[in-house]
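Student: predicted structure and sequence below. I'll ask about it afterward.
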Amino acid sequence: MSKTEDWRASTKAVQALGRIDETTRGVVPPLHVATTFVRDADNSYTSGFVYGRPDNATVREGEEIVGALEGAASTLLFGSGMSAAIALFLAAAPGRVVAPRVMYWALRNWLANEASAFGLEVTFCDAEDLDALRMALQPAGAKLVWLETPSNPLWGVSDIAAAAKIAHAAGAALAVDSTCATPVFTQPLALGADVVMHSATKYLNGHSDVIAGALAFARNDEMTARARRIRASHGMILGPFEAFLLIRGLRTLDLRVRAASANAMELAHRLSNHSGVAAVLYPGLAHHPGHEVAKRQMQGGFGGMLSVRVRAGEAASVATAARVKVWKRATSLGGIESLIEHRASIEGAGSPCPTDLLRLSAGVEDVEDLWGDIDQALRG
């Protein structure tokens, strides 16, 4: 297998697509920080680089790795997951878009409160219900359907392939926030999606030290071109140092995600039998309503995210989070360290999140340490 395109995804990520720095022969991709570039004598730029705001060599390297993992025709890195998502919605403006009722709260707030100022009409629906999705797309004319699966923080599962057929029949593109599934377990473009979004802050980087976002496109079409123009004109590109760190994180993506998923699965089973837990929300459990769909579209694991509803209610949930020692009480997810959060407190008024719910991001620590800590915290 001499051609890098024939390598399996995990090999492509570890090897950073097999590229060697031609100047030093170093095995680590170089960091390019220049913001401006010398013109040729005829005023052209045969180097391919003009200015740092629309383009950067280290950013390109990261884009090619993410694109290879997602099977994308084109990929763009952004300064955050929010900027990536908003750039795509702006690329669809003006017009109508459809989004799920349960999704990443900050983006939902933007769609509910800010998007109309940019010419967007937003319809929210239960995206896990295919009939509800069909109804949300009536009358015809919507430009974009947004899915998040598994959805944060209730971890519902949407059928990507079925949603793609429904969206396309209505003349809309389908975008999937696959942050928590990661390309290790799900490739939405192969299931019919047109765009994949990642908050690369989370699993793609995996070390809680980079804010980044990514859009991976199935085709080089007008939506791709518009998103690229919006990124340049709005100054949304990822910084070169952050891109360098993201590439470093991508090299261990497969190992980290599989380890976190194994921990989450074990914890989900144990917590399901805990006297202090009323319910465990995790698509890897057989009784989860989205389990069968998850089995079809999540190959090899169900991710590192789960939530528990504490039997004794909101006060007990908050107290449980206050008692942990190994788990860290912090926002975000997808890092190597395990995090716990009383999510309703963060989302505030209007949140669909139950007040007794704790969101858990399982890291890669020893599962017995994670279990012992959450067990003692639940027992008080």
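Tutor: Looks like it arrived, so ask away. Residues are numbered from 1 along each chain as shown.
Student: low-confidence ranges in the chain?
Tutor: Across the chain, residues meeting the criterion (pLDDT under 70) sit at 1-2.
Student: 50 instead, please
Tutor: Within the chain, the segments meeting pLDDT under 50 span 1.
Student: got the domain boundaries for it?
Tutor: For the chain, the structural domains run 4-250, 254-379, going by automatic domain parsing.
Student: pipe these into TSV and attach mean neighbour count per row.
Tutor: In short, each C-beta sits where N, CA and C put it, glycine included. Formatted as TSV, the domains of the chain follow (neighbours: other Cβ atoms under 10 Å):
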stretch	mean neighbour count
domain 4-250	19
domain 254-379	19
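Student: skipping its backbone neighbours, what lies nearest the residue most central in space within the chain in space?
Tutor: Centroid-nearest residue in the chain: T179, 1.5 Å away (criterion: Cα atoms, centre = their mean). In this structure, T179 finds its nearest non-sequential neighbour in S199, 4.6 Å apart by Cβ to Cβ, 6 or more residues apart in numbering.
Student: residues touching that neighbour, list them.
Tutor: The contact partners of S199, by Cβ atoms under 8 Å, 6 or more residues apart in numbering, come to S80, G81, M82, A84, Y104, D177, T179, A212, G213.
Student: what would these look like in JSON lines with distance to L358 and secondary structure?
Tutor: Formatted as JSON lines, those follow (distance: Cβ to Cβ, whole Å; DSSP: H, G, I helix; E, B strand; the rest coil):
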{"residue": "S80", "distance to L358": "25", "secondary structure": "coil"}
{"residue": "G81", "distance to L358": "22", "secondary structure": "helix"}
{"residue": "M82", "distance to L358": "24", "secondary structure": "helix"}
{"residue": "A84", "distance to L358": "28", "secondary structure": "helix"}
{"residue": "Y104", "distance to L358": "18", "secondary structure": "coil"}
{"residue": "D177", "distance to L358": "22", "secondary structure": "strand"}
{"residue": "T179", "distance to L358": "19", "secondary structure": "coil"}
{"residue": "A212", "distance to L358": "27", "secondary structure": "coil"}
{"residue": "G213", "distance to L358": "26", "secondary structure": "strand"}
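Student: which strands or helices does the strand or helix carrying D254 pack on?
Tutor: If you go by DSSP states H and E, D254 is part of helix 253-272. Contacts defined by 3 or more Cβ pairs under 8 Å, 6 or more residues apart in numbering; DSSP states H and E place helix 253-272 against helix 9-14, helix 182-185, strand 277-281, strand 305-310, strand 357-361, helix 367-379.
Student: do you know which of those lies nearest L144?
Tutor: Closest to L144 of the helices and strands packed on helix 253-272 is helix 182-185 (Cβ to Cβ; 21.2 Å).
Student: parallel or antiparallel, which strands does the helix or strand following the closest one pair with?
Tutor: Using DSSP H and E, the next helix or strand after helix 182-185 towards the C-terminus is strand 195-198. Strand 195-198 has its sheet partners listed here by DSSP bridges as strand 173-177 (parallel), strand 213-217 (antiparallel).
Student: out of the ones you listed, which is closest to Q297?
Tutor: Closest approach to Q297 among those (Cβ to Cβ): strand 173-177, 10.1 Å.
Student: which residues sit against that closest one?
Tutor: Taking Cβ under 8 Å, 6+ apart as the rule, strand 173-177 contacts 85, 88, 92, 103-104, 107, 143-149, 160, 163-164, 167-168, 188, 192-199, 223.
Student: what's the answer for stretch 31-39, then?
Tutor: With Cβ under 8 Å, 6+ apart as the criterion, stretch 31-39 contacts 45, 47, 49-53, 56-58, 240-241, 244.
Student: now do 7 Å
Tutor: Stretch 31-39 is touched from outside by Y45, S47, F49, V50, Y51, G52, N56, A57, T58, P240, F241, F244, with contacts defined as Cβ atoms under 7 Å, 6 or more residues apart in numbering.
Student: against F37, how distant is the second one?
Tutor: Yep, that's S47 we're talking about. Separation of S47 from F37 (Cβ to Cβ, to the nearest Å): 6 Å.
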